[in-house]
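> give me a 3D structure for the following:
(one chain, ligands or ions: 1)
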Amino acid sequence: MKLSKLMLGLSLAVGLMTTATAQIVMRNAISVAQNSHAGEAVDTLAREVEKRTNGRIVIKNFYSGSLGGEREVMEAVQLGTQELGHNSTGPVPNFVPETAILDVPFLFRDKAHARAVLDGPIGQELLAKFESKGFKALAWTENGVRHMTNNKRSVNGPDDLKGLKMRTMENPVHVAAYKGLGIVTTPMAFPEVFTALQTGTIDGQENPLSVIMAANFDQVQKHITLTGHVYSPSVFLMNKAVFDKLSKADQQIFLDAAKEGAKANRARVDKDDAGGVAELRKRGMTVVENVDKAKFIATMGPVNAEFEKRFGKANLDRIRNYK
Ligand code: EAX
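Numbers count the residues shown, from 1 in each chain. Below you'll find the predicted structure:
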């Protein structure tokens, strides 16, 4: 892994040198397969940038975690050994703590509410917070609304979660929330999850339908419940110095292309959500579609109180009440 990364880095450096006058080649990476909502995001960005720069700037996309997990990709983008990244907010609060508020469970009513917040002043303020950390955050995209899967039992209410050993993202807000539900939390990078489910190291995991289908988790998970416990944003990131070196016109091209990427990405999430339950049933999963969300929120009472203290009720309400 290390060696292949080094070689990729070298070949990139050589690529930049030999083609600097004619063409700039950049790299972007996602942790899931190309045929996915995240694939739509990065493929659209690449296509639009190439088209709008008449091929002067080319983006080469890497899929399925082939350049590492999301934390590693963020580190590479921050360092500048990789120009672009696209990842969920799993590792993001470890780099930009202000964004952690977005990961609070049951914060958004639905995708429309989340999209409005991310595209409005709150989302734009948060994008600006990346700048002092070495990133230019081009646009919010989305991963979808997360649901719980496991191999032990059908989850019909919060009591059924108690004692389940579940993989969580390396995200402190998620870990605290799921602990509050009685889950035995195991933070883990995404590329390791399939094998961990397969070998029984963990009982379950949670992700949006888009990710569950793209990663074929149905092959290693029996039960899914549409808990819809948290909205999962994702974001286009660029190394800040690389962005700053672009002409104003090229910077605008990246910002516009990222918006197109977000549009394609959200459309795919909607499509996956519309067909996902039927598809996962077809693939053999047992699906619980309706749960009483109020019961999950009530079980999380003490954690929610902690979140109110940590993030401030006014800040949470600003998001909750955003229209
Ligand atoms: O970005 O780590 C996760 O569970 C993410 O949802 C996944 O990698 C897609």
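
> could you use CA atoms for every contact and neighbour count after this?
Noted.

> tell me where this protein has strands.
If DSSP state E is used as the criterion, the strands of the chain fall at 24-29, 57-62, 84-88, 135-150, 165-168, 184-187, 204-208, 223-239, 286-288.

> report the contact partners of the residue of the stretch 101-250 of the chain found nearest the ligand.
Scanning the stretch 101-250 of the chain for the residue nearest the ligand gives Phe190, at 4.4 Å (criterion: Cα to the nearest ligand atom). For Phe190, the residues meeting the contact criterion (Cα atoms under 8 Å, 6 or more residues apart in numbering) are Ser31, Gly65, Gly69, Glu70, Met169.

> just give me the neighbour total for Ser247.
Here the number of neighbours of Ser247 (other Cα atoms under 10 Å) works out to 10.

> so what's His223 closest to, chain neighbours aside?
The spatial neighbour of His223 that comes closest, neighbours along the chain excluded (Cα to Cα, 6 or more residues apart in numbering), is Thr286 at 4.9 Å.

> quick one: that neighbour and the ligand, what's the gap?
Here Thr286 is placed at a distance of 20 Å from the ligand (Cα to the nearest ligand atom, to the nearest Å).

> what's the burial count for that residue?
Counted with other Cα under 10 Å, the burial measure for Thr286 works out to 19 neighbours.

> of the strands of the chain, which is nearest Leu127?
The stretch from the strands of the chain with the least distance to Leu127 (Cα to Cα) is strand 135-150; that distance is 5.5 Å.

> does anything pack onto the closest one? Which helices or strands?
Helices and strands touching strand 135-150, as assessed by 3 or more Cα pairs under 8 Å, 6 or more residues apart in numbering; DSSP states H and E, comprise helix 37-52, helix 111-119, helix 121-128, strand 204-208, helix 209-214, strand 223-239, helix 240-245, helix 248-282.

> pLDDT weak spots in the protein?
By pLDDT under 70, the low-scoring segments of the chain are 1-22.

> OK, contacts around Asp256?
When contacts are counted by Cα under 8 Å, 6+ apart, Asp256 touches no other residue.

> within range of the ligand, give me the residues from the stretch 51-200 of the chain.
Residues of the stretch 51-200 of the chain lying close to the ligand (Cα under 6 Å from any ligand atom) are Asn87, Ser88, Gly90, Met169, Phe190.

> report the two of the residues you listed separated the most.
Farthest-apart pair in those is Asn87 and Met169; separation 11.7 Å (Cα to Cα).

> beta partners of the residue nearest to the spatial centre of the chain?
Among the residues of the chain, Ser88 comes closest to the average C-alpha position under Cα atoms, centre = their mean, at 1.6 Å. Note on Ser88: beta-bridge partners by DSSP bridges are Ser234.

> that one reaches Leu237, doesn't it?
No - applying Cα atoms under 8 Å, one finds Ser88 not in contact with Leu237, separated by 10.7 Å.

> roughly how far does Leu255 sit from Gln23?
Separation of Leu255 from Gln23 (Cα to Cα, to the nearest Å) stands at 19 Å.

> and if you look at Lys136?
Shown here: Lys136 relative to Gln23, a distance of 21 Å by Cα to Cα.

> between these two, which is the more surrounded one?
Neighbours were counted for Lys136 and for Gln23 using other Cα under 10 Å; Lys136 has more, 25 against 17.

> just to check, that one is in contact with Lys245?
No - at 11.8 Å, Lys136 does not count as touching Lys245 under the criterion of Cα under 8 Å.

> wait, Ala241 touches Gly134, no?
Yes - using Cα under 8 Å, Ala241 is in contact with Gly134, at 7.4 Å.

> more crowded one of these two?
When Ala241 is set against Gly134 and neighbours are counted by other Cα under 10 Å, the residue ahead is Gly134, at 20 against 16.

> check contacts around that one.
Going by Cα under 8 Å, 6+ apart, Gly134 touches Gln78, Leu79, Asn239, Lys240, Ala241.

> please apply the same query to His86.
Contact analysis of His86 by Cα under 8 Å, 6+ apart lists Asn28, Ala29, Ile30, Ala38, Val42, Ser234, Val235, Phe236, Leu237.
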